[in-house]
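J.: give the three-dimensional model of this entry:
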Amino acid sequence: MNSFPPQLLLIFGAFLIPLFKGSLRKAYLLLVPVLTLLIFFTLPKGIYHSYTFLDYNFIFGRLDYLSLPFVYIFCLFTMFATIFGLHVRDSYLLMTAWIYSGSALGVVLAGDLITLFLFWEIKAIAGAFLVWLGRTRKSLYAGMRYLMVHLFGGLLLLGGIILLYKKTGTFHFGHVGLDGVSGLLILLGFGLNAAFPLLHAWVPDAYPESTETGIVFLSGFTTKAAIYALARSFAGEEVLILIGVTMTVFPIFYAVIENNLVRVLCYSLINQVGFMVTGIGLGTPQSINGAVAHAFCNILFEGLLLMTMCAVMYRTGKINATDLGGLYKTMPWTTLFCLIGAASISGVPLTNGFVSKPMIVASSAEAGHLFVWIGLLFASAGVFHHAGIKIPYFAFFSHDSGLRPKEAPPHMLVAMGGMAGLCLLIGVYPPLLYNILPYKVDFNPFTGALIMEQVQLLAFGALAFTLLMLSGLYPAEMRCTNLDADWFYRKGTKVFLRFAEKVLAKIDYDYVGEAYQKVFVRMILAISSKLKVFDQAGVDGVYHGLSKGSFSLSEGLKLMQSGKTSDYAMLMLIGLIILFFFAIFLILW
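T.: The predicted model follows:
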């Protein structure tokens, strides 16, 4: 397999899914992700699958300490998400999901910017199809917005790559920095996929409109691939600190008032990515380790929480907090796995969130960024509030909704159980994760001070939630639409289309069209009339003259054809005599 990029197993293997049916189909769906994971486990670090074309070197496999954690977690998550979706009969959905995850692997393994861009755009298109496969009117429009936003980001990225090549003469994918327009364009291209503030609205807009399995797949790859790209090319850029802290704070307020629990987790996802962006901006070995570790852990606990909500949606057909409650009675295992995910995202000791997020928070304090540290603590309390408490409380407890659905199907429980098990295993034994991070880890989460700090944070967060609920001050869950940054391009597009229809079209028809008719059409007709005279008198005359001459010559030749051999012999003799005298003339001349 060393001659074949392993990430292409998922992409090309996706096209074989429709060929399998029944148990054989399930076996195939399990085999390919597991095989991909095993191949990467056996590969040592290094450069693989390097190809030269037109004097350019394209690298499809760069496995080092930065890409390795992302490769492992992408493969693991693909496996669990596929298990979660074993009930899906829509081959197009599973095909698209594998192409999406395979292209994300291609991004983190790319050793040059052209290969990165190739897989980046495949990932964007596959993501749009995952949204469209929700097969509803809302998913159609949400998928189109998703595609337009990501194609715009791709154009920014491509522009930056071209300018960077003009500047450096190489497509090498390494540290870029913000030295020039090229760096800014590349940062914006990556930042759009990382859901930077004001560029984030595609996440809560598109993800909830996909299918249950589509939502799970979408949660794991786009933003994390962007985090990898930022860590590779913009580590230590201080602007990322401000961007990251902003990302950790503002989604909290949206999540608190949001009724759709999948959309709550979408805002939670942005919040968690903000911690990673902050760690990359700090740029220290510990903060980079923290960002990578938190990306690894976030895929597990965020994916687990979304699996539990999608299992609820699969069994009940509902996902709004106002429609749920009391489900712990008939879905106890799903409730348990949701609580483990909630504990992990909140950073409860002995869960994976506790061994990754504090690395970033501690790095901000060690670097002397007081307000950054305070902002991250506030965001940590906020995520406990909206994801650690709100999600399990309103879905499984709260009021009794009267719903009595069946427990999630066995394959969903297996997928959720595997994700929950890894959340706990990494939390209990951090070296399992620390040993694959980019730098040597000199951080111990199990100190008395850190445990006490985290317990106090969680305790006061729980107290605040309880007091707000008892006092009636907690925002009521309502069936409503919350305005976000996508309002601007949604409304802006409608305004532009209305302007184009009412104003631009009228100007085009009444003025531009009339001017074209009066100036260009008339001028062309006048020129055509002159050319017609020339054509009839000149071109046609010459043509008819040649035709008449040719006809007369053919008539003369016709008279010479008597049909007698003696006549033909005489003509040949005359011709030879003429040629003979012509040759003598030339010699004497």
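J.: tell me how far the most centrally placed residue in the chain lies from F53.
T.: Geometric centre of the chain, nearest residue: A124, 3.7 Å, by Cα atoms, centre = their mean. Separation of A124 from F53 (Cβ to Cβ, to the nearest Å): 23 Å. Every residue, glycine included, has its C-beta placed from N, CA and C.
J.: what does Y28 give?
T.: Noted for Y28: a distance of 33 Å to F53, by Cβ to Cβ.
J.: same check on A206?
T.: Going from A206 to F53 by Cβ to Cβ gives 35 Å.
J.: more neighbours: which of those two?
T.: A side-by-side neighbour count of A206 and F53, using other Cβ atoms under 10 Å, places A206 first with 32 against 8.
J.: which stretch of helix or strand covers that one?
T.: Taking DSSP states H and E as the criterion, A206 maps to helix 202-206.
J.: same for that helix, what does it pack against?
T.: Helix 202-206 is packed against helix 137-168, helix 261-282, with contacts defined by 3 or more Cβ pairs under 8 Å, 6 or more residues apart in numbering; DSSP states H and E.
J.: let's have those helices in a markdown table, adding mean pLDDT and distance to I507.
T.: Output for these, formatted as a markdown table (pLDDT from 0 to 100; distance: least, Cβ to Cβ, whole Å):
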| stretch | mean pLDDT | distance to I507 |
| --- | --- | --- |
| helix 137-168 | 94 | 26 |
| helix 261-282 | 96 | 41 |
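J.: quick one: contacts for G46?
T.: By Cβ atoms under 8 Å, 6 or more residues apart in numbering, the contact list for G46 reads L63.
J.: for it, give me the pLDDT.
T.: Listed pLDDT for G46 reads 89.
J.: got it, and the one 3 residues further on?
T.: H49 carries a pLDDT value of 83.
J.: ok, it - how many residues close by?
T.: When neighbours are defined as other Cβ under 10 Å, H49 has 19 of them.
J.: how about the residue nearest to the centre of the chain, what does it touch?
T.: 147, 150-151, 153-154.
J.: which among the residues you listed count as buried?
T.: For these, a burial check counting by 16 or more other Cβ atoms under 10 Å picks out 147, 150, 153-154.
J.: and the gap between F397 and R404?
T.: Between F397 and R404 the distance is 15 Å, computed by Cβ to Cβ.
J.: picking that back up, chain center to the helix holding A206: distance?
T.: 12 Å (Cα atoms, centre = their mean, to the nearest Å).
J.: that helix: what's the following helix or strand?
T.: Going down the chain from helix 202-206, the next helix or strand is helix 212-233, by DSSP H and E.
J.: helices or strands next to the helix or strand following that next one in the packing?
T.: As assigned by DSSP H and E, the chain's next helix or strand after helix 212-233 is helix 239-257. Applying 3+ Cβ pairs under 8 Å, 6+ apart, we find helix 239-257 packed against helix 261-282, helix 370-383.
J.: which residue is the nearest non-sequential neighbour of P18?
T.: Once flanking residues are discounted, P18 sits nearest to S91: 4.2 Å by Cβ to Cβ, 6 or more residues apart in numbering.
J.: again, but for L188
T.: Closest to L188 by Cβ to Cβ, 6+ apart is L156, at 4.8 Å.
J.: so that neighbour touches F190, yeah?
T.: No. The criterion here is Cβ atoms under 8 Å, and L156 misses it with F190 at 9.0 Å.
J.: so these two - more neighbours on which side?
T.: Per other Cβ under 10 Å, whichever of L156 and F190 has more neighbours is F190, with 26 against 19.
J.: other SSEs contacting the strand or helix carrying the more buried one?
T.: Assigned by DSSP H and E, F190 belongs to helix 181-193. Secondary-structure packing of helix 181-193 (3+ Cβ pairs under 8 Å, 6+ apart): helix 137-168, helix 212-233.
J.: quick one: buried residues of that helix?
T.: For helix 181-193, by 16+ other Cβ under 10 Å, it's 182-193.
J.: any low-confidence regions in the stretch 301-450 of the chain?
T.: Along the stretch 301-450 of the chain, the model assigns pLDDT under 70 to no residue.
J.: likewise for the stretch 101-250 of the chain?
T.: Counting by pLDDT under 70, the stretch 101-250 of the chain shows no low-confidence range.
J.: I'd assumed I59 was in a strand, is it?
T.: Yes. Counting by DSSP: H, G, I helix; E, B strand; the rest coil, I59 is part of a strand.
J.: is it in a bridge, and if so with what?
T.: Counting by DSSP bridges, I59 forms beta bridges with S50.
J.: let me see the contact set for it.
T.: For I59, the contact set (Cβ under 8 Å, 6+ apart) comprises 47, 49-50, 110-112, 115.
J.: just the strands in this protein please.
T.: Using DSSP state E, the strands of the chain run over 46-53, 56-63.
J.: just to revisit the earlier point, can I get the helices and strands packed on helix 239-257 in TSV including distance to V512 and mean neighbour count?
T.: Supplementary listing: the helices and strands packed on helix 239-257 in TSV, determined by distance: least, Cβ to Cβ, whole Å; neighbours: other Cβ atoms under 10 Å:
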stretch	distance to V512	mean neighbour count
helix 261-282	45	28
helix 370-383	54	20
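J.: of those helices, which is nearest V34?
T.: Nearest to V34, of all the helices and strands packed on helix 239-257, is helix 261-282, at 26.4 Å by Cβ to Cβ.
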